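# Test case, fold it:
(one chain, ligands or ions: 1)
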Amino acid sequence: MKKIAIFTLSCLMFSFTGISQNLNKKVFYLLNLSADGLEKVKTLHDQGKDAEAANALLEYYQSRPFIHHPDVDLNNINIGTAQQQWADDALQHKFFAHRGYQPSYSYGDDINWEYWPIQDNELRWQLHRHKWWSPMGKAYKLSGDEKYAKEWAFQYLDWIDKNPLLDRKEAKLLSDGDKVLENMGFAWRPLEVSHRLEDQTEQFLYFKDSPHFTPAFLSQFLVNYHKHAEHILRNYSERGNHLLFEAQRVIYAGAFFPEFKDAEKWRKSGVEVLSQEIKNQVFDDGMQYELDPHYHLASINIFNRALQMADVNGFRNEFPDYYLATIEKMIEIVYNLSFPDYTMPCFGDAKAVDKKQMLKNYKQWQQVFPNYDALKYFATDRQEGTMPAYHSKAFKDGGYYVLRNGWDEAATVMIFKAGPPAFWHNQPDNGTFELFIKGRNFFPDAGSYVYGGGEEVLKERNWFRQTMVHKTLTLNNENIEETNSKLLLWETSNKDAQTVVVQNQSYKDLAHRRTVFFVDESFFVIVDEAMGSALGKVGIHYQLAEGTANFDKKNLAVATNYEDDNNVVVKTWGNKPLNLIEEEGWVSYDYRQKSERPAFVFEMDKNHETPSRFITVIYPFTKNQPAISAQFDSETINDNKIEVSITVGKKRHSLNASW
Ligand code: MG
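Numbering: from 1, shown residues only. This is a model prediction of the structure:
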């Protein structure tokens, strides 16, 4: 304990005097000076000539040829306009901390790393990811302008100076101990540390040849970097995507700086954690257990990038066979959970993705799976490879059910979500869906808008999390209490009506059974049954994409009115009288961006213990809506079957499901 106290105090004194480009001799104890290539460094250090030894160390790093970085090609650097802007803004200390807060805030001439203008946790956490530093590196490499390197080195040392990692007990003894500890919670959260650990490998490559990257700076950099990796090993997150990110990034650390005595330990720890967590966090069907399409995607990239770092540096054999097989299944989930335009549903905290990003992902994965035919099909924008041999597909462990009539751009695709309990990123939305027809997503999910933070931010987050802003059933508009849907039937061999039936005990005294029929591979019939002793308003909610809609309250129907003749009508019948009520509607595709949209509920009074039953038809039409009618074929609810009849124009469809 005494040793820690002394070290802590020396850090503090250092911070009071202001950090400078002084040689940090600790570096010679952290590196394995007996490693090949470091002979000169060792000799000089042994002779007590540490300044010369640091010179030799920098020369070594400027010329070492044997470490490969899978994400950096110094001969082919691309910086988009956005990243160029982040790099230039950063010269004035305007830091791109998080999307949704632009123009970026200014953190002052004398940088205030504790500045927190909006009480959104992400804004403060992610400031410490230094997302503008790698862009500064790219800008430097492309322009050769030393202003970027000079400023980066300054900010790097300034950050170390003002964001010390202290022993908690010692920090408590400081007069401003609480403030220091609060800042540590943001600056040294393991996820943020892992971001820096990965990104600084890139920055190292961009800046190492600059005259501002001095031997003394190198020593500060390496000591700081070592502290980062060790901090993660001692403070891995308990579970979830954070743990995956942290493990992948200590692999990067171990592989990129093998000269550290602890490098092998880092690499092995990361490989071990990922090899274990790919079993813990991925269901047998391939879905990552947070049930969020975005984090599923991120998890694939984590697993895959760890492999790519292993491949370029020759340690693929440290990963078990099942590791690759699992990633392959996870990729299958992605193209199944994608719409024909390559977008994916914004369930949970998922952020919208676009075709460009997805093509990039697929191409990246192809490097590890060059013989995966379906992957090639999507990676080449349907030009090569082979489309999957099936259409509809159930992922029963993760609770995702995809009803689809093809893989081409005109396909109709419903992605239906009814899964097990999950964690923070998952929302109480069981039974919801997104539906894409002829190039249009008619029912996008509300998204998440913001993550956590102060009261105001949480209020906004909670609006988007509500069950009632999803396409599912509520009692008195309250959030469902349980998210643990059970699959009762999945039947896709009958093309007249493919069927999925799920049930969730949404409230203590009310179960929700939802049946979706995909009729003639062209329209949808949704049967909702609310069973149990609960009394109150039972509602079936729907929300459309942005735009206007025609409400027909008398006939309980809402239709879109796009001028391109690609429209749908939503029409509902109940076993008791229904009201069609307009609701507040918002959709968020990106952080702190939201647009208004039509939303509505078909509501029924459940005033005795008989079930509330609804039939909803979602029918695509061009100019004129067809006449549609629907009825239950049995008056009473049945434990193991459902029978309804739908008539569209003159055609009658008898739909039944039994299990
Ligand atoms: Mg949602």
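# and stretch 43-56, which residues are buried?
Residues of stretch 43-56 classed as buried by neighbour count (16 or more other Cβ atoms under 10 Å): 44, 45, 50, 52, 53, 54, 55, 56. Backbone N, C-alpha and C define where each C-beta goes, glycine included.
# so where does the fourth one fall, helix or strand?
Yep, that's residue 52 we're talking about. Secondary-structure assignment from DSSP states H and E places residue 52 in helix 50-63.
# which helices and strands sit right next to that helix?
Applying 3 or more Cβ pairs under 8 Å, 6 or more residues apart in numbering; DSSP states H and E, one finds that helix 50-63 contacts helix 27-30, helix 39-46, helix 215-234.
# nearest to residue 130, of those helices?
helix 215-234 (12.0 Å; Cβ to Cβ).
# Next, the angle helix 50-63 makes with that closest one.
70 degrees (axes from the mean of the first three to the mean of the last three Cα atoms, to 10 degrees).
# related to what we said a few turns ago, out of the helices and strands packed on helix 50-63, nearest to the ion?
Each of those was checked against the ion via Cβ to the ion, and the shortest separation belongs to helix 215-234, namely 31.2 Å.
# Just the C-alphas of the closest one, formatted as CSV.
Coordinates of each C-alpha in helix 215-234 appear next as CSV, following Å, rounded to 0.1, in the frame of the first residue of the first chain:
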residue,chain,number,x,y,z
PRO,A,215,12.0,10.5,-27.6
ALA,A,216,10.6,11.9,-24.3
PHE,A,217,7.1,12.0,-25.7
LEU,A,218,7.5,8.4,-26.8
SER,A,219,8.3,7.5,-23.2
GLN,A,220,5.2,9.3,-21.9
PHE,A,221,3.1,7.7,-24.6
LEU,A,222,4.3,4.1,-23.8
VAL,A,223,4.0,4.5,-20.1
ASN,A,224,0.5,5.9,-20.4
TYR,A,225,-0.4,3.2,-22.9
HIS,A,226,0.8,0.4,-20.6
LYS,A,227,-1.4,1.9,-17.8
HIS,A,228,-4.4,1.7,-20.1
ALA,A,229,-4.0,-2.0,-20.9
GLU,A,230,-3.3,-2.9,-17.3
HIS,A,231,-6.4,-0.9,-16.2
ILE,A,232,-8.6,-2.9,-18.5
LEU,A,233,-7.2,-6.3,-17.4
ARG,A,234,-8.0,-5.4,-13.8
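# in that helix, what counts as buried?
Neighbour counts over helix 215-234 (16+ other Cβ under 10 Å) mark 215-226, 228-233 as buried.
# Could you check how far it is from the centre of its chain?
Per Cα atoms, centre = their mean, to the nearest Å, the displacement of helix 215-234 from the mean C-alpha position of its chain is 28 Å.
# after it comes which helix or strand?
Taking DSSP H and E as the definition, the helix or strand right after helix 215-234 is helix 240-256.
# helices or strands next to that following helix in the packing?
Helix 240-256 sits against helix 190-207, helix 215-234, helix 263-281, helix 293-313, with contacts defined as 3+ Cβ pairs under 8 Å, 6+ apart.
# and the longest one, which residues are buried?
By 16+ other Cβ under 10 Å, the buried positions in helix 293-313 come out as 293-310, 313.
# Just confirm residue 433 is within a strand.
Yes. Assignment of residue 433 by DSSP: H, G, I helix; E, B strand; the rest coil places it within a strand.
# List the contacts of it.
Counting by Cβ atoms under 8 Å, 6 or more residues apart in numbering, residue 433 touches 414, 415, 416, 417, 443, 471, 516.
# ok, now residue 249?
The contact partners of residue 249, taken as Cβ under 8 Å, 6+ apart, are 194, 195, 197, 198, 232, 270.
# Isn't the first one up against residue 251?
No. With the criterion set as Cβ atoms under 8 Å, residue 194 and residue 251 do not qualify as a contacting pair; they are 10.5 Å apart.
# count of residues packed around the residue of the stretch 251-400 of the chain found nearest the ion?
Closest residue of the stretch 251-400 of the chain to the ion, Cβ to the ion: residue 347 (5.5 Å). The burial count assigned to residue 347 is 27, neighbours taken as other Cβ atoms under 10 Å.
# now residue 584
That count, for residue 584 with other Cβ under 10 Å as the rule, works out to 11.
# do you know how far it is from residue 466?
For residue 584, the distance to residue 466 equals 10 Å [Cβ to Cβ, to the nearest Å].
# quick one on the thing from earlier: of the buried residues of stretch 43-56, closest to the ion?
The closest of the buried residues of stretch 43-56 to the ion turns out to be residue 54 (Cβ to the ion; 53.3 Å).
# OK, contacts around the closest one?
Taking Cβ under 8 Å, 6+ apart as the criterion, residue 54 is in contact with 23, 27, 215, 216, 218, 219.
# ok, now with 6 Å
23, 215, 219 (Cβ atoms under 6 Å, 6 or more residues apart in numbering).
# hmm, back to that, just the buried residues of stretch 43-56 now: which is nearest residue 498?
In terms of Cβ to Cβ, no member of the buried residues of stretch 43-56 lies closer to residue 498 than residue 54, at 68.3 Å.
# can you pull the pLDDT of the closest one?
At residue 54 the predicted local confidence, pLDDT, stands at 98.
# Determine how far stretch 652-659 lies from the middle of the whole chain.
Once both centres are worked out by Cα atoms, centre = their mean, stretch 652-659 turns out to sit 38 Å from its chain's centre.
# Test for you: state the pLDDT assigned to the closest residue to the ion within the stretch 451-600 of the chain.
Checking the stretch 451-600 of the chain residue by residue against the ion with Cβ to the ion singles out residue 470 as nearest, at 5.7 Å. The predicted local confidence for residue 470 comes out at a pLDDT of 98.
# Tell me the gap between stretch 485-505 and the middle of its chain.
Here the centre of stretch 485-505 is set off from its chain's centre by 28 Å, with Cα atoms, centre = their mean.
# then it to CSV, C-alphas only?
These are the backbone C-alpha positions of stretch 485-505, laid out as CSV (Å, rounded to 0.1, in the frame of the first residue of the first chain):
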residue,chain,number,x,y,z
SER,A,485,-42.1,-14.2,-25.5
LYS,A,486,-42.7,-17.9,-26.1
LEU,A,487,-43.0,-19.2,-29.6
LEU,A,488,-46.1,-21.3,-30.1
LEU,A,489,-45.9,-21.8,-33.9
TRP,A,490,-43.6,-21.1,-36.8
GLU,A,491,-45.0,-22.5,-40.1
THR,A,492,-43.7,-21.3,-43.4
SER,A,493,-44.1,-24.3,-45.7
ASN,A,494,-47.6,-23.2,-46.7
LYS,A,495,-47.2,-20.2,-49.0
ASP,A,496,-50.9,-19.4,-48.9
ALA,A,497,-50.3,-18.2,-45.3
GLN,A,498,-47.0,-18.4,-43.5
THR,A,499,-47.6,-18.1,-39.8
VAL,A,500,-45.9,-17.2,-36.6
VAL,A,501,-47.6,-17.3,-33.2
VAL,A,502,-46.0,-16.0,-30.0
GLN,A,503,-47.3,-15.3,-26.5
ASN,A,504,-45.9,-13.0,-23.8
GLN,A,505,-47.1,-12.6,-20.2
